[in-house]
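Novice: The following block contains a protein sequence and its predicted model.
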Amino acid sequence: MQTNNAFPLAARRWTLMFLLACLGAMLFAAVAYRVENPSIVQHEERQEMPGGMGQMGGDMSGISAMMKKLQDNPDDAEAMRALGMAFMEMRAWDKSMSFWDMLLEKDPKDVMALNQKGFCLFELEKYAEAAEFFERMLTIETGNFHAHYNLGVIYKHYLSQPDKASAHFQAVIDAAPDDPELVDSARRELTGQ
């Protein structure tokens, strides 16, 4: 059996070591970025909207149709949800919040609307206001681990209240939800690693 000596063994080893070092550096940079820039989780309950509007996204004709539907029936909660989600997908946070507000006027205990409005406020860098909505969620669902995690991130990284943050991260760990990634994130936030 004859081997190709066009690329010597020593050069192959150096190349492999260089590529592994680059991969290690990229992994380290990604972890360091996540530690320095934590984000909250957006928990949404995906539902198929009437009339196939579930995949509406940024489709302006779909949005127009849903707006017309809401105009014809101002109490249509599903249209409000669909529009709120569509504007969130377009990162139109203020516009999205108007639909979550409509839902909250109808039902102040609508956990999904509270969560989504809190997420929009977080994206608009209104951290104290976002925390209020996640806290309201916990008055309705005391074990809502998404709300606990989001509050932990906000209190730790944006409102400089580490004691409150620790309590919320611990609540996520204690709840042991079927979301290992979220539990690991809470553990890392709690231990500072």
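Specialist: Received, thanks. Numbering: from 1, shown residues only.
Novice: Could you give me the buried positions within stretch 122-134?
Specialist: For stretch 122-134, burial by neighbour count (16 or more other CB atoms under 10 Å) applies to Phe122, Glu123, Tyr127, Ala130, Ala131, Phe133, Phe134. In this view, the C-beta of every residue, glycine as well, is placed from N, C-alpha and C.
Novice: Wait, Phe133 touches Met112, no?
Specialist: No. Phe133 is beyond contact range of Met112, at 11.4 Å (criterion: CB atoms under 8 Å).
Novice: Spell out which residues are contacts of both of the two.
Specialist: The contact sets of Phe133 and Met112 do not overlap (CB atoms under 8 Å, 6 or more residues apart in numbering).
Novice: which phi and psi does Met90 have?
Specialist: When read as degrees, to the nearest 10, the backbone of Met90 gives phi -90, psi 0.
Novice: Quick check: it vs Ala128, distance?
Specialist: With distances taken as CB to CB, to the nearest Å, Met90 is found 25 Å from Ala128.
Novice: Kindly report the same for Ala175.
Specialist: The gap separating Ala175 from Ala128 is 25 Å, by CB to CB.
Novice: repeat for Lys164
Specialist: Noted for Lys164: a distance of 12 Å to Ala128, by CB to CB.
Novice: go on, Pro108?
Specialist: Taken as CB to CB, the span from Pro108 to Ala128 is 19 Å.
Novice: again, but for Trp14
Specialist: According to CB to CB, Trp14 and Ala128 sit 53 Å apart.
Novice: now Met66
Specialist: Counting by CB to CB, the gap from Met66 to Ala128 is 32 Å.
Novice: Over to Ala25?
Specialist: 37 Å.
Novice: Could you pull out the strands in the chain for me?
Specialist: Here the chain has no strands by DSSP state E.
Novice: which stretches of it have low pLDDT?
Specialist: Scanning the chain for pLDDT under 70 picks out the ranges 1-7, 30-37, 42-59, 193.
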